[in-house]
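In: Give me the fold of what follows.
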Amino acid sequence: MTEQKTSINRRSFLKSSALAGGGLMLSFTWLSAFKLPGEAGKPDVPNWIEVNGYIKITADNVIKILNPNPEFGQNVMTSLPMIVAEELDADWQKVVVEMGPHDSVKLGPQFTGGSNSVRMYWKPLREAGAAARTMLMQAAADTWKVPAEELTTNAGLIVHPKSMKSGTYGEFAAKAAVIPVPKEIKLKDPVKFKVVRSSQKNVEGLKIVSGKPLFGLDYKQEGMLIAMIVHPPAFGMKLKSFDASEALTMAGIKDVFLQKLYPDGFEQGGFDTRSFNDMLVIVGKSTWQVMQARKKLKAQWEPAGDIKDIIGGRGGKKEVIVPGELESTDAQHKKMQEFASKPAQQLRRDGDPETAFKNAAQIIERTYNAPFLAHNCLEPINFFAHVTAEKALVAGPLQAPGWSEPTLAKLLNLPADKIEIQMTRMGGGFGRRAYGHYLYEAAIISQKLNAPVKLMYTREDDMTYGIYRPMYTAIYRAALDANKNLVAFHVKGGGIPEHPIHANRFPAGAVDNYLAEGWQIPSNITIGAFRAPRSNFNAAAEQSFLDELAEAMGKDPIELRLELLQRAKEKPVGKNNEYDADRYAGILKLVKEKSGWNKAENKKYSRGIAAYFCHNSYAAHVVDLTMKNGQPYVERVFSAVDCGIVVNPDAATNMVQGAVVDGIGNAFYGKLTHKDGAAEQTNFHNYRIIRMNEAPKKVEVHFVQNNIDPTGLGEPPFPPVFGAVANALYRAYGKRLYEQPYGPQIPQQTMPDVKRKPVKSKLILNKRRAQ
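Out: Below is the predicted model:
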């Protein structure tokens, strides 16, 4: 076991014996109980991160563990309580798991996102379980008059081997409740884990498959009205006037009114992104009635012009001017090309890249582009609210209740302790539900009506509202000497409205002369976190470029990556490299082995490789492409992941498999365009997503086995899928693809049975100046 000094004291580790029957309840709130990697001399943990949870034990030995984090399918409802149960030494089959309530005092922000749930909670939840176990053992020792060191525990039972005495946790719960919190505890050696590292079934699996009410759409309350909002039809527009006379005559319709989301001069929080401030609200008895009446509303719209927003945050508040232009995709492409040719912000420089490029024998330069992407969560946006003069109850799917609560309190003019936020299971998220504008809209509507209200978005409302993955572009350049050695690397990326570049990631640190630059163009089209923000584009471009570079150098694509990582390990360039070269190389070696990379029996496939580091984890995929009904089809995928200790292997495998399918779909089809500010794709009839018969037959997932504390998993497997697909398509067709999505660029003729010989990369020959 590991000796662990706790950061727990009696104020941060609250105890209560108020449970019926005299039990033990432990709750924990430690800001300093865990560390995240940060810059030297700066706080490692952002102020908004707090870790909390509850253990409840009744006298009849019922152990209940409350999950503090919102669930959108990543299975934290199971994995986080497993961590507690491991150190508590509880019988997992007898543990009851419940979703914890939102409590900004005890449970902090309860944020699900950034692949941080297990990573952030790992140490605090282990300490909570270990501390509870220590207190229960001490209670048993006091009862039996024996030293606590002579006791053992197993599956919720305390045993004294010498006297053969034994008792359940429940028997000692009441006595444990008055024992001082231990200053030091012992954490298990990971090799002795029984619950963690063993696959456990989803604790909500039965409820999901049997249709029990779990999601925001399921939430109902007696007397609840349905509200919908008519937002402007295009970014850069606002409401001029409206006529609701016909709609108000329709059955079930209660009211139509105009409401602003934020009052003038309102200071928004960092995640208070909203696309439109004007809300034309229609309220009625049923969803169908409101949908039909909404069609009869007559609204006139006009250009909004530039808008000034006031944004608060850790760096203090600042004014942001949102441009009023009615943007179109074609014009955006032209503007991005102009910006790409201008000087940009330098993000990192190693060596003398300009001289290295000047003296290079060969220069390879490629430009990669990607469009806006919509989240398209399976469960449409919705939220319930019942606001009175004294208090507010809100319920629905939300990733960051702690971030939304302060804004909600200001908008409603209510103290935070008078606001109850109930978190339902989310039908998808990955960033879309981190932005609470729809919660605020529901609450403001309810407050105005003084009635319980369920706000509903249609699929069209959500797809055209914004909070998209940004539009990106990047130019990659590599310089080779006469012996085809890589001597310089340059990446210059930009986007609308942010650039994608992570300057300190691979291959930074592996090349003597390295330059990373970024630029961005303001826009009124709103963006938000989208599964592995920025990385989902970077991996596609970078890994495609490395494949092309390997071909130009006459190297196997995996071997080139391994050579660069060996250089980064032995002679690293720079001091700010984010990745661990050994762990990065480890996933490449593992996926090479498991996929049979160079074996003859796999020659029938067009194979693509890609690997990437993000969210403190490492993921690599080998994609095997064949033909199906005359179209390219990803038949098999081999995945290797290093995310440290895997808490729940089956659930982790499912997470990787889901990321692979999600990545394939977006790589082939994902695209959102605009015309005069309006989204041209509005539903799945013209926004293509992957279909069930297009999913791979097999996604074989392998995890690196180590005892490193868990790192991220929800996002890291997603980005490299794009690059692996692009590289496989090249081997199938002999054509490099630089524009996402790839589907529209695939040649119309079918892929031949015998693969074409890949075309040679075009090289830009650098003419040396006469000396």
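In: For residue 540, give its distance to residue 548.
Out: Noted for residue 540: a distance of 13 Å to residue 548, by CB to CB, to the nearest Å. No exception for glycine: its C-beta is placed from N, CA and C like everyone else's.
In: More neighbours: which of those two?
Out: Counted by other CB atoms under 10 Å, residue 540 and residue 548 do not tie: residue 540 has more neighbours, with 32 against 21.
In: Identify each buried residue in the helix or strand encompassing the more buried one, please.
Out: Element membership for residue 540 (DSSP states H and E) is helix 535-553. Judged by neighbour count (16 or more other CB atoms under 10 Å), helix 535-553 contains these buried residues: 535-553.
In: what residues are up against the residue nearest to residue 676 when sequence neighbours are not counted?
Out: Excluding the flanking residues, the one nearest residue 676 by CB to CB, 6 or more residues apart in numbering is residue 326, at 4.6 Å. Going by CB atoms under 8 Å, 6 or more residues apart in numbering, residue 326 touches 234-237, 303, 676-677.
In: go with 6 Å
Out: Residues counted as contacts of residue 326 (CB atoms under 6 Å, 6 or more residues apart in numbering) are 236, 676-677.
In: likewise residue 707?
Out: Residues in contact with residue 707 (CB under 6 Å, 6+ apart) are residue 190.
In: any idea how far it is from residue 127?
Out: In terms of CB to CB, residue 707 sits 18 Å off from residue 127.
In: what's the answer for residue 624, then?
Out: 44 Å.
In: Of the two, which one has the most company?
Out: For residue 624 versus residue 127, the count of surrounding residues by other CB under 10 Å is larger for residue 127: 26 against 22.
In: by how many degrees do the helix or strand following the helix holding residue 540 and helix 535-553 diverge?
Out: Per DSSP H and E, the first helix or strand lying C-terminal to helix 535-553 is helix 557-570. If you take axes from the mean of the first three to the mean of the last three CA atoms, to 10 degrees, helix 557-570 sits at 100 degrees to helix 535-553.
In: and the longest helix that the chain contains, what does it pack onto?
Out: Ranked by residue count under DSSP state H, the longest helix found in the chain is helix 117-144. When contacts are defined as 3 or more CB pairs under 6 Å, 6 or more residues apart in numbering; DSSP states H and E, helix 117-144 packs onto strand 24-30, strand 51-57, helix 76-88, helix 169-176, strand 184-187.
In: Now do that helix: distance to the chain's middle.
Out: The chain centre lies 30 Å from the centre of helix 117-144; the measure is CA atoms, centre = their mean, to the nearest Å.
In: What angle do helix 169-176 and it make with each other?
Out: Here the directions of helix 117-144 and helix 169-176 differ by 80 degrees (the same axes, to 10 degrees).
In: For helix 117-144, the averaged confidence score.
Out: The average pLDDT within helix 117-144 is 91.
In: residue contacts, residue 100?
Out: Here residue 100 is in contact with 66-68 (CB under 6 Å, 6+ apart).
In: Could you tell me which of those residues count as buried?
Out: When the contacts of residue 100 are checked for burial by 16+ other CB under 10 Å, the buried set is 66-68.
In: Sitting in strands, which of these do you find?
Out: 66-67 (DSSP state E).
In: low-confidence ranges in the chain?
Out: Along the chain, segments meeting pLDDT under 70 span 1-54, 104, 106-109, 314, 748-771.
In: which strands and helices sit next to the helix holding residue 540?
Out: If you count contacts as 3+ CB pairs under 6 Å, 6+ apart, helix 535-553 packs onto strand 362-370, strand 471-480, helix 557-570, strand 606-614, helix 719-733.
In: Now do that helix: distance to the chain's middle.
Out: On CA atoms, centre = their mean, the centre of helix 535-553 falls 23 Å from the chain's centre.
In: And stretch 495-503, by the same measure?
Out: Centroid displacement of stretch 495-503 relative to its chain, using CA atoms, centre = their mean, is 17 Å.
In: What lies in contact with it?
Out: Residues outside stretch 495-503 that contact it (CB under 6 Å, 6+ apart) are 332, 347-348, 470-472, 493, 516, 518-523, 534, 537-538.
In: how long is that stretch from one end to the other?
Out: Stretch 495-503 has its terminal residues 15 Å apart, counting by CA to CA, to the nearest Å.
In: Show me which residues of stretch 382-397 are buried.
Out: Buried residues in stretch 382-397 (16+ other CB under 10 Å): 382-387, 392-397.
In: actually stretch 342-361, not the one I typed
Out: Under the neighbour-count criterion of 16+ other CB under 10 Å, stretch 342-361 has 344, 347-351, 353, 356-357, 360-361 buried.
In: domains of this structure?
Out: 2-209, 216-310+381-456, 528-745 (automatic domain parsing).
In: Out of those domains, which is closest to residue 481?
Out: Among the domains of the chain, domain 528-745 comes nearest to residue 481, with 10.6 Å by CB to CB.
In: which residues sit in contact with the residue lying closest to residue 285 once chain neighbours are set aside?
Out: Using CB to CB, 6+ apart and skipping the chain neighbours, the partner closest in space to residue 285 is residue 252 (3.9 Å). Going by CB under 6 Å, 6+ apart, residue 252 touches 284-286, 289.
In: Buried only: go through those residues for me.
Out: Neighbour-count burial (16+ other CB under 10 Å) is assigned, among the contacts of residue 252, to 284, 289.
In: Out of the contacts of residue 252, name the ones that lie in strands.
Out: Counting by DSSP E, the part of these found in strands is residue 284.
In: Out of the contacts of residue 252, the closest to residue 423 would be?
Out: Using CB to CB, these come closest to residue 423 at residue 286, 25.5 Å.
In: Contact partners for the closest one?
Out: By CB under 6 Å, 6+ apart, the contact list for residue 286 reads 226, 252.
In: mind starting the numbering at 35 from now?
Out: Sure thing, new numbering starts at 35, so read that last one as residue 320.
In: how near is it to residue 262?
Out: 11 Å.
In: What of residue 192?
Out: Counting by CB to CB, the gap from residue 192 to residue 262 is 57 Å.
In: The residue nearest to residue 595 when sequence neighbours are not counted sits in which helix or strand?
Out: Closest residue in space to residue 595, ignoring its immediate chain neighbours: residue 622 at 5.7 Å, by CB to CB, 6+ apart. Per DSSP H and E: residue 622 is located in helix 615-629.
In: So what touches that helix?
Out: With contact meaning CB under 6 Å, 6+ apart, helix 615-629 is reached by 592, 595-596, 599, 602-603, 645, 647, 652, 654, 656, 672, 674, 676, 736, 738.
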